Each structure stands twice: as structure tokens, then as C-alpha cells.
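>>> Next one to model:
(chains A and B)
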2 protein chains.
Amino acid sequence: MHRPAAAIAIGPADPPPALLAKAVVEAGAQVTDPAEARGLIWAGTPGQFPDELPASVEWVQLPAAGVEQWFDAGIIANHPKVRFTSAAGAFAASVAEHALMLLLAGVRYLPEQLRAASWRQQDFVPHIGSLRGKTVTIVGAGGIGRALIPMLIPLGAHVIAVNRSGKPVTGPGIPDTIETISTDQLSRVWARTDHVVVAAPATPATTHLIDADVLARLKPSSWIVNIARGSLIDTDALVTALASGAIAGAGLDVTDPEPLPDGHPLWVLPNAIVTPHDSNPPQLRLAAFADHVGANVRRFVAGEELLAPIDPERGY
Amino acid sequence: MHRPAAAIAIGPADPPPALLAKAVVEAGAQVTDPAEARGLIWAGTPGQFPDELPASVEWVQLPAAGVEQWFDAGIIANHPKVRFTSAAGAFAASVAEHALMLLLAGVRYLPEQLRAASWRQQDFVPHIGSLRGKTVTIVGAGGIGRALIPMLIPLGAHVIAVNRSGKPVTGPGIPDTIETISTDQLSRVWARTDHVVVAAPATPATTHLIDADVLARLKPSSWIVNIARGSLIDTDALVTALASGAIAGAGLDVTDPEPLPDGHPLWVLPNAIVTPHDSNPPQLRLAAFADHVGANVRRFVAGEELLAPIDPERGY
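This next block holds a predicted model:
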């Protein structure tokens, strides 16, 4: 039987979310019934997932970046002939945008300016900085770090990407010329780092990666942004550095402890920006998933390698 | 006599500012005495400019974006055989970066978050927006508008550039696909505009370009950023729109009146961000000029067209 090359179903909602249907169609496919589909875009939970899939389905796109629950529910194992992809990377752009916002707000001295109720131009002008010509070290070059790099390049920043291997970071919008170093070389770059973005996973090895020693090696003009996990920064050391002016400021979407308790010094330090872990809010996720779906449907139609393939052996 | 192709002098300081000398050398030229130079980078005032230039000098780079003073001082007319270039566009990047900061801070609900002294995640999450998939209309596609476009593209924004002619906007980092409309078509795009950046010159025609009527056509989620001149927005209408929630907020580096007087509603409205015309501070200007010098020396060495040529007839 001849099936259209680009028949894609969307489940479980009926009608499917308009944004996903639009993404499928714009990627050159058509939205069909699952019984006729070669690909299935799943917008529901593991619990809603069908026990059996139509024989036509070769590929399933799951809606989560971390897919432990889908493995635990046996869904990957139950369909050994089906290729699964996750949404890993799909939600990174929103967090990267938040990181950029925190960094720019800091460098441009926004916190003090927002508190003003009069035209304090002479007070503020000397404090206005720019990312142009500055070196931003991004610790952790996973989805968020890689999404942030193309946002920093047009601002004229020099980026140092840090990953475990030191293998050059690649990805959409990332220039070949990007400087990548391995985590164990990190201590060598602090002296030429202007600003730091913490975007690494929380592991025993990354606990207090930013400690008093690192903070002492940064500049009085340096901002630190953390959109990863609070534990990567030694909070007490950070408070000391912020209070003494050893660094210029910190923009934190994550804290340690989290939630940050009332009365904590980070709430009152004028050079600390705290947003309560809200860089990836639910209302932005469907649109981000739709972008990811569009990219993967395009690849599926073209017979190219899919983004974020799940390896049944590796478990992610 | 054979002269090195890339002999460039820097005046009037001796020794010249290190940043400028570095830019010249990195652009493939060498810094020489004016008597031997083919190009002269001028970092001083019109009053310091020499009455006569060495016969070897073919090109002079002036340090200002607006060069009325240089014309008024007769400097352009006194050297009819010399090509002059201005620094037009050189200082645009800093202002564009400021505009991006204001827009991101607004869309990501930073003002309310900065005022918090406790972990109000549930209050804030519904208000966190993103530029991804949003349409940003940039009114005025001069240096600042053109510098802003490449900063918005990696964030996934759709940009509508507005200029007088409607001729497609071009420039470094600006995709061919950019949508450009002419000012007289502006009324047609408000309905599909999410956010507005005002970057047009102040002229009688642009006074109150953003008035009550335009504000009424924007969305409750719309932010307006003004980094041009305060007069382009009807301040009273803006205050009304901000207070009623007709639009989400405004990020203003310029105001009308300016300076904004103490007690003005814009100082207390929670959705107004005011920075006191500090988007292009002096400490960033030398670095920006050095970037411009580097780009022009590279072009001079390669025999290419120079950036920001001054036309003695036009007067700019």
C-alpha cells in the first residue's frame, strides 16, 4: 500500500493543539489519523499513551526533554520497532533568553535604575556596561548553553564554552570559531573572563563549582548568571562577594536553598537579581514544543537524522 | 616614492589611545607618523584639527557620528582632496543593546520580580513572556534599528523594520528575508505587532508617532521601547495606557519632558522602566570607535568602499 510520505498524527487531543498541527503542516507534512500515520506527535502523558500503535507508525515524538517516566512506564520497551525522539533541547531557548535578560539587566545597571524615582543620569552613566568585546564564559554547553551562544554573538561578546570533553561545541547558529575548553581547564580562564553563565547539570562534581576561590578571581565588573541549579554556586561565598563588591552582581533564576527563604540576604543586596525559577514557564512550552516538532517533521520528511533521538539501551 | 600601503596615523594624542592603535594594527595596517600616513584616524575635536594635512594623507576618519561641527569649522572644505568618513553607526550598537535589554526585561516581567522580597513563583510565572515567535516592529531603520535586528533574530522574533522608503533594510547580520515597510504603511501593521521599538529621528513628522490611537491598537501584552527621542511618544497617552493595562509596559531611555521631573507618573507606574538617557555612555564610546576604525582600516587596506563616507555636497 502506498502511504503519503508525510502523514503525521498528533495525539492524544482531538482536535490536536492548533499550534502543533500548524507546525506539522508548515514542515511539509499533513496531519492524519494515527491509523494512517508514519509519525506520531505525542502531546499527552505517559499514562495516556496507547498500549499498541498502528503498524504504520515508525516514529514517535515525545513531549518531554527528560524521558525517565516514559522508560519507567515501559513505553519505549513496548515498541521496539518504533524510533522515539524526546524534546531535549526544545525548552532550552526560553531559559537561554532568560539568562541573556539577566546578564544584560546586570551589565546595564538596571536594578539600581529601576529603584530610582528621579533623573539620576550622572549617578548611573559611569556604571553602564556592555557585552561588546567582553568575554562570557558559559559553564555547561548542553541545550541551554548552546542556545545562548547565538544570542551572545551579535552583541559582540566573546564566548568561552565549557564542556566535559573540551570538544568544540557545535549547533545551529554557533560559529566554528567558538572557543571550547574542558571543565578541568576552567581554572585557566577565570582571569580573562568578564562574565559567567552557569548552565551545567547539578552533579556531585559540579557542587559549588563557583566558590570563594573562583569569585575572588573574577572582576569587580563581573556578573554571574545562574539558570541551572542553585547548588552550583556557594551561596554564602556569593553573598560575601556581592556585599564587598568583589564582583558586580548576580542574576539568579535558581538558588540554594530553593525556594529562597524570606529574609535571605540575596533578597536585599542591591546587586542581586532573583527570579523564582520561572525561566521556563508552562505557557511558553507548547510553542517551544511546536518549534521542535516542526524541525523534526522537516527532518523526517527529508529522511534526515532526527533531533534528540532516544536510545533504548542508554535510557535517555 | 614608495609608501607602505597600510600606513595610518592617529591624532592628536601622542601616544595615541592604545585601543585605537590596536584596532589599526589588527586591521592589517601600521601606525605611523602623520607625515608618512595615507590615512589619519582623528580622535580629537574640530578645534584641534590641523589646518594643513601632509600631502600623503588621502583619508581622514572623524570620531563623531554627526559631523555638523566639522563642516561648520570648515574642515571638510579645507581639504578637498581628502576623503572623510564619520563614525555614523559606530555608537548604534550600544543603544541597540540597551533597547534589547529594556525589551527583554519587560517581556520577562523583571520590574515586578526585582521588587519582590520573597519567592513569589506562582505570582510571576503566568507573566513571563518570550520574544520567540513574537513580532517586533522597529520604527526607524537607521543605525540603531539596523544594529538591533541581528540581536533579535537569534531570539526567534519576527522583525518588521519601518523606514521612510519601504526599501528592504540591509546591513551586516540582517537576513534578506527581513520585512520592511514604509512609514506610511505603519497603520497596517499594528494589529500584528507584539512589541514596538521606537528608533526614528525626531522630526515634525514623527512627533507623537505613538499616540493614543496607536496605543489602543496594541495588545495588553505589548511592550514599547523608546531609545530615540521622547517626543515620538505622546507621554500622557502612554501614561494612560500603562495605568489601564491597555499595554503591558514601556521601557524608556528617553522621555518627554526630559529630564523627567520628580513626581512624574512614569516614576511610579510599576510597568514603566525609565533609564535616564544613558544608553550610550562615554566609557563605551572609545571601544565602539575603535571597532569602527578597525572595520574602516580593513576596508582601506583592501581598497574597498569605506563605512560612513562624508559627502561634502550633502553636508553629512
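
>>> thinking A:Leu104 is in contact with B:Ala96, fair?
No. Using CB atoms under 8 Å, A:Leu104 makes no contact with B:Ala96, being 11.4 Å away. Yep, even glycine has a C-beta here, placed from its N, CA and C like the rest.

>>> Can you pull the residues of the stretch 101-250 of chain A lying near chain B?
Residues of the stretch 101-250 of chain A lying near chain B by CB under 8 Å from any CB of the partner chain: A:101, A:104-105, A:108, A:110-111, A:113-114, A:116-121, A:124-126, A:128-133, A:150-151, A:153-156, A:173.

>>> Among these, the buried ones, what's the PyMOL command?
Buried members of these, defined by 16 or more other CB atoms under 10 Å in any protein chain shown, are picked up in PyMOL with:
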select buried, chain A and resi 101+104+105+108+110+111+113+114+119+120+124+125+128+129+130+131+132+133+150+151+153+154+155+156
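
>>> quick one: which of the residues of the stretch 101-250 of chain A next to chain B sit in helices?
A:Met101, A:Leu104, A:Ala105, A:Leu110, A:Pro111, A:Gln113, A:Leu114, A:Gln121, A:Phe124, A:Pro150, A:Met151 (DSSP state H).

>>> Please read off the pLDDT at the residue lying closest to the fourth one once chain neighbours are set aside from the model.
Nearest non-adjacent residue to A:Leu110, counting by CB to CB, 6 or more residues apart in numbering or on different chains: B:Ala105, 6.0 Å away. The score at B:Ala105 is 98. That number is its pLDDT.

>>> Tell me who's in contact with B:Ala105.
Contacts for B:Ala105 were tallied using CB atoms under 8 Å, 6 or more residues apart in numbering or on different chains; they are A:Met101, A:Leu104, A:Ala105, A:Leu110, B:Pro111, B:Gly251, B:Ile273.

>>> in the stretch 201-316 of chain A, which spans are helices?
Counting by DSSP state H, counting those that start in this stretch, the stretch 201-316 of chain A has helices at residues A:212-217, A:235-244, A:265-268, A:282-302.

>>> Please work out which of these is packed deepest.
helix A:282-302 (a mean of 20; mean count of other CB atoms under 10 Å in any protein chain shown).

>>> quick one, what contacts the closest residue to A:Leu104 other than its chain neighbours?
In space, A:Leu104 comes closest to B:Met101 once its chain neighbours are excluded; the distance is 3.9 Å by CB to CB, 6+ apart. Residues near B:Met101 by CB under 8 Å, 6+ apart: A:Met101, A:Leu104, A:Ala105, A:Arg108, A:Leu110.

>>> what stretches of the stretch 1-150 of chain A score poorly on pLDDT?
Within the stretch 1-150 of chain A, the stretches with pLDDT under 70 are A:1-5.

>>> all strands of it, in order?
Ranges of strands within the stretch 1-150 of chain A are A:7-11, A:30-31, A:39-42, A:59-61, A:83-85, A:135-139, based on DSSP state E, counting those that start in this stretch.

>>> now what about the third one, what contacts it?
Contacts of strand A:39-42 with the rest of the structure, by CB under 8 Å, 6+ apart, involve A:7-12, A:16, A:20, A:24, A:29, A:34, A:49, A:53, A:57-63, A:293, A:297, A:300.

>>> Give the PyMOL command for selecting the buried subset of the residues you listed.
In PyMOL, a selection of the buried entries from those looks like this (16+ other CB under 10 Å):
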select buried, chain A and resi 7+8+9+10+11+16+20+24+29+34+49+53+57+59+60+61+62+63+293+297+300
